[in-house]
Structures are given as structure tokens and as C-alpha cells.
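K.L.:
Structural data only, the sequence is not supplied:
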């Protein structure tokens, strides 16, 4: 069983969320905004039904509290330029919308706003069971040490592609883990109710509650005429949404279940939702992963030794770099390395670890290609210190030091180290087909399919679905499709989307390939695919393209999409000097927002969630 990256990213996330005390907000059945996070944002906790399928009176008191955060529009509700809220989801499953909005909210607002004409609230939330939403899925409440100990137990198997013994050992560890989830009282009670269909319904409920809050605010300002006019024109409030990675799965559920509530919907870094919900699961993600690594090596060779340290003077072609990298992996396969730290602790480093690191590098080439080339080059020269440090920061090398404070209080509060991986598994396993009856032969074949698709990331990727081999609970509200929508109608006919869906994809994406965007768009009449000529995970989150930004902004303004597949050039690439995601927008932000974005840009982290941008 794989334990996902924890330490460095969780420190950063905790820094982001700990500056405001969510328990200070009393949850309610209506939205009441509270100033939060240096007063730039507004936060609320909304009570929503635990089980949407149970209408019995006895269940009326069964609720959960959803943590919602908003970056307010630059104009008030009463302004003709106010264009409503745009919901966002960073993926995961299990990504924190609260942390995401603080990092990306100002950037997204700049992308979609039309100054003086249209200004949007940018809104996100921690999905049910996740982060600041309560109750939270956490199979190790107060037990960070137990979580790390279990991760350490399986490290020695060096991946699921190591044969039947490795699978057998990992299955036993997974059974121990899932048994703990089934016995954790608060977690066991919420596990059946954190599925994607319920989260999609939550978005609709939040949209209605937000509309009520806006109407009340306008009424308090005695702007009743404008309020009544807008309601007559608009009908039921329509949802505006941007979903990244797994957030595109959530977007598909939202579109399929509630087509008449859709206003504008952008899906960036597209998952194959059928592959997510049915069949073995997660077999469509790695089609382009190894090609990105090939492009990494090609770019390194072209950049040369002064920019890419993997390159050497005298290299005649990219094959020279490839040969050295291959020899390094073969040596690690034959004899894993070790690092002795100054404090006396040690770490074993395997080829599986390095492949996991390289797989994560491909999420953000703009940030990671150059520094990870330095790390890999140093390791190939015999200095494993930087490599070990990065693996530890990413949680690939679990650390007892961060899991065993004295005393081990492990308060289990939202934002502390815990619950992130459990929340992901609750969604992946609960929404996907039940695979608890599959034997080791079936899983061996599954791992082989993944590694055949990607020699770099396949074994690592297999672990996410392998956790479902003994997952104790299926989602109460299970939806398996069809994931389609009727033709859009701008006149807001009932049960019709107001606009076609806009799909975005990089040309090469490590975990949500362009092929997924094309196949999913085919299920939605009038939908369009926009390709950003870049590498990395999700177009808006990986590099800059004014072409993409303009298409997105115009889509939110007028609901139109290109009438054919469009290609947009990126403004710069990972080997270009000074190429960053946010710089061209930073001058428009206030100092605190710019600082948060730069902190995120400068950090070198593994993704916390496999299908997310956090």
C-alpha cells in the first residue's frame, strides 16, 4: 500500500489553513460569510444532508458540515458587472478546495474576469469527508505514527510489480489498513456518503444557498426590483464550474445528473469517467507518461550542460543521456542505494522510489524539470543526499520524526497530518466497481497492464486502485452513467445546459491524456476541446497561454466554444529562462496573494493527490 506524499506539502497546506480557525464558525443551514485568511477571503460552514437518498424523517438530523471559501468579486452583488460565483475543484480525489483557492484563486479570477464588464466570485470547498469539512474521513485518528509504520512495512517490497510475494505482502497490509478504516467510528459512519454523486448534489445545494444569500443581501439593500427581474429572467440558478483532474470526474457527474442546472462548465485535465466508475479502473491515465519523460530528455539535450545538468559536454545525441539514465536505473535495480543522515538515521533508495519521483516531476515541468535534473544528475554521480531529501519531503520515504511528536497527540483536527489518503480511497473505491473478490492473479495482470503503459509510473500508479482490493464500503449513492448531456440551449430551457462543455488539455499530460478529453467531449453535443501545446498536468495549472485564457474568459462571458478543436501555443517552456506560471499576473494581485503564489511556485513537491493539482 502506497502512502502518498505528506511532509513538505502538508507543512505548506497546514500553514495555509492554520491561520484561520474553522471551528470558530458554527455550521448552519444557510450561508453566513465570515472574514478569513487576512480578510481577503470569506468562509462559511454549511450543513447539508448526509444521505440524499434517505428521505425518512428519522434521518433529518443526519448532516455534515461543508467548509466553503470564497474570493469575492471585485464588485458588489448590486453591480451590473457582478457575474456570480464560479465553483472550482482541484481534483484528488480528496484535494482541499480551501488550500487550492488560497493558492490559485487570484490567478483564476484574473483569467475569467473582464474588467469593468464581468467580475466573478471564485469559490471552492472541501468535499464531504475531506479537510476542513466534518466529519472527516480519517482511519488513523490520533495515530500518525501508526499510519507511517504501516507505510514503512510495505516499502521493502519495492512496488507491486515485484511478483506475487510483493502482491501478497501488500494485500495483507491493505487488509490491515482497510480493517482500521472499518473500525474507526466516525470514519466508518461517513464512508458510504462521500461519493462523487453526493458531492455533485452538494454543489447544486450550495448554488441554491448562495443564491438565497445573494437575494437576501440585495433585499437588505432595497434592490428588490433588480432581484425580482433577475429571477424572472434567469429561472433556477445555474452552476458555473471549473474542475481540474478528478474535478473533471465531478464535473461529469454534475453534468449527467443535473444537466438543467449547468451554466458554464470547464473541464481541465480530463479523466475518462467511465474508466473511473466502471471496470478495473484507472487504466486510461498513463498513455502519455513515458513520452513526457522522453521529451524531458530531448529538451535537456537541446538545452545543454549550462541549463540541464544531466547533459554532458561531448554528448552526440539524446541517446547519450538516455544511456546514462538507463545504466543508473539498472544499477539501482541490482543494488539499491542508501543514505546516512547526519542525525544517524538512514534511508534505502530503490529504483521504484526514483521512478515515483520522476513520475511526479512530470506534473509540473515548468517548476520541476530543471531542479529534478540536478537531483538526478547528482544521484547518478554518487551523491544521493538531494534525492533522499526530496523523497523524504514528498513522503515517499516516510519519516518517523514527523509522525512521532512527543507526546504523540495527533489531535486529528482538519489540516493536521491525516485523512488525506483515506479520503481519496473512500471515493476511488466507493465509486468504482467492487474489486474485493479479485485474486492475486487478477491483480498481477492489472499491474502488468499499468507497467506496459508506463514503465516509469505504472507500478506506482497501480497502488492507488490496489487499495480497493479489500475496501470495506461501497458508496451509498452509486452512479455508473451514462455520462452524457442533452444539447445546450442558451434560452435556459429546463433540463438543458445553458452552454456546451469546454474541455482543456495539454498536448502531453502525465495522468490525464489528451485522448481522454477527446473521447469525453464526444459524449456532449457541441462540446469543444482546446489543446495547449505544452507538457504537464492540466492546462491552466501548468503553464501560461493567453490564447487559452482568452477562450476561457470568453466562454464564461457568452457561453460560446470553438466550433472545432483548437490548438494554443504556450508562452514559454520548462527550459526557457524565467518561465513561470504566475509572473505575468503577479503585478495585478495584492501583496499577500502574490506571495502565496510565489511560495507555491518555488516549492518542489510531489503531488499530494494522483488526480489533482495540489
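P.N.:
Happy to help now that I have it. As the structure is a prediction and not an experimental result, all values here were calculated from the model.
K.L.:
from here on, contacts and neighbour counts on C-alpha atoms
P.N.:
Noted.
K.L.:
tally of neighbours for the residue nearest to residue 364 when sequence neighbours are not counted?
P.N.:
The shortest distance from residue 364 to any non-neighbouring residue, by Cα to Cα, 6 or more residues apart in numbering, is to residue 536 (5.2 Å). If you count neighbours by other Cα atoms under 10 Å, residue 536 ends up with 27.
K.L.:
quick one: residue 536 and residue 367 touch, right?
P.N.:
No - counting by Cα atoms under 8 Å, residue 536 does not reach residue 367; the two are 10.1 Å apart.
K.L.:
where does the stretch 51-200 of the chain have low pLDDT?
P.N.:
57-60 (pLDDT under 70).
K.L.:
swap that for the chain, please
P.N.:
Short version for the chain, where the test is pLDDT under 70: 1-19, 57-60, 222-234, 399-419, 582-608.
K.L.:
per-domain residue ranges of it.
P.N.:
Using automatic domain parsing, the domain parsing of the chain gives 7-132+195-280+481-612, 289-393.
K.L.:
right, and those - which one's nearest residue 420?
P.N.:
domain 7-132+195-280+481-612 (6.4 Å; Cα to Cα).
K.L.:
Who are the packing partners of the helix or strand containing residue 120?
P.N.:
Here residue 120, judged by DSSP states H and E, is contained in strand 119-126. In terms of contacts (3 or more Cα pairs under 8 Å, 6 or more residues apart in numbering; DSSP states H and E), strand 119-126 is packed against strand 63-71, strand 82-89, helix 97-112.
K.L.:
coming back round to it: check the spacing between the residue nearest to residue 364 and residue 304 real quick.
P.N.:
21 Å (Cα to Cα, to the nearest Å).
K.L.:
Centre of the chain to the top helix by length along the chain, how far?
P.N.:
Across the chain, the helix with the greatest residue count (assigned by DSSP state H) is helix 196-220. Centroid separation between helix 196-220 and its chain, computed with Cα atoms, centre = their mean, to the nearest Å, is 23 Å.
K.L.:
Serialize the helices and strands packed on strand 119-126 to JSON lines and add fields for distance to residue 325 and mean neighbour count.
P.N.:
Converted to JSON lines, the helices and strands packed on strand 119-126 look like this (distance: least, Cα to Cα, whole Å; neighbours: other Cα atoms under 10 Å):
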{"stretch": "strand 63-71", "distance to residue 325": "45", "mean neighbour count": "23"}
{"stretch": "strand 82-89", "distance to residue 325": "37", "mean neighbour count": "23"}
{"stretch": "helix 97-112", "distance to residue 325": "35", "mean neighbour count": "23"}
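K.L.:
export the ones you listed to CSV and tack on distance to residue 434?
P.N.:
Formatted as CSV, these follow (distance: least, Cα to Cα, whole Å):
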stretch, distance to residue 434
strand 63-71, 26
strand 82-89, 26
helix 97-112, 28
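K.L.:
Can you check which of the ones you listed gets nearest to residue 531?
P.N.:
helix 97-112 (16.8 Å).
K.L.:
helices or strands next to that closest one in the packing?
P.N.:
Using 3+ Cα pairs under 8 Å, 6+ apart, helix 97-112 is in contact with helix 7-18, strand 63-71, strand 119-126, helix 546-558, helix 591-602.
K.L.:
picking that back up, buried residues in the longest helix of the chain?
P.N.:
Of the residues in helix 196-220, 196-204, 206-211, 213-215, 217-218 count as buried by neighbour count, 16 or more other Cα atoms under 10 Å.
K.L.:
Now do stretch 563-577: everything it contacts.
P.N.:
299-300, 303, 307, 365-370, 526, 528-534, 543-548, 579 (Cα atoms under 8 Å, 6 or more residues apart in numbering).
K.L.:
just the buried members of those residues?
P.N.:
299-300, 307, 365-370, 526, 528-534, 543-545, 547-548, 579.
K.L.:
From those, which land in strands?
P.N.:
Using DSSP state E, the subset of the buried ones among the contacts of stretch 563-577 located in strands is 528, 529, 530, 531, 532, 533, 534.
K.L.:
Residue 162: which of the residues you listed is nearest?
P.N.:
residue 534 (33.7 Å).
K.L.:
what's the closest one in contact with, if anything?
P.N.:
Here residue 534 is in contact with 506, 507, 508, 543, 569, 570, 573 (Cα under 8 Å, 6+ apart).
K.L.:
at 6 Å instead, please
P.N.:
506, 507 (Cα atoms under 6 Å, 6 or more residues apart in numbering).
K.L.:
From the rest of the structure, what touches the strand or helix carrying residue 327?
P.N.:
Taking DSSP H and E as the definition, one finds residue 327 inside helix 318-334. Here helix 318-334 makes contact (Cα under 6 Å, 6+ apart) with 298, 301, 350, 351.
K.L.:
picking up where we left off before, taking the domains of the chain together, which one is wrapped up most tightly?
P.N.:
For those, the largest average neighbour count (mean count of other Cα atoms under 10 Å) is found in domain 7-132+195-280+481-612, namely a mean of 20.
K.L.:
from the chain's centre, how far out does that domain sit?
P.N.:
The answer for domain 7-132+195-280+481-612 is 12 Å, by Cα atoms, centre = their mean.
K.L.:
Stretch 316-323 now?
P.N.:
34 Å.
K.L.:
What are the buried residues along the helix or strand harbouring residue 151?
P.N.:
Using DSSP H and E, residue 151 sits within helix 144-155. Neighbour-count burial for helix 144-155, counted by 16+ other Cα under 10 Å, picks out 144, 145, 146, 147, 148, 150, 151, 152, 154, 155.
K.L.:
could those residues be laid out in JSON lines, adding distance to residue 379?
P.N.:
Shown next, in JSON lines, are the buried residues of helix 144-155 (distance: Cα to Cα, whole Å):
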{"residue": "144", "distance to residue 379": "30"}
{"residue": "145", "distance to residue 379": "30"}
{"residue": "146", "distance to residue 379": "31"}
{"residue": "147", "distance to residue 379": "29"}
{"residue": "148", "distance to residue 379": "26"}
{"residue": "150", "distance to residue 379": "28"}
{"residue": "151", "distance to residue 379": "24"}
{"residue": "152", "distance to residue 379": "23"}
{"residue": "154", "distance to residue 379": "24"}
{"residue": "155", "distance to residue 379": "20"}
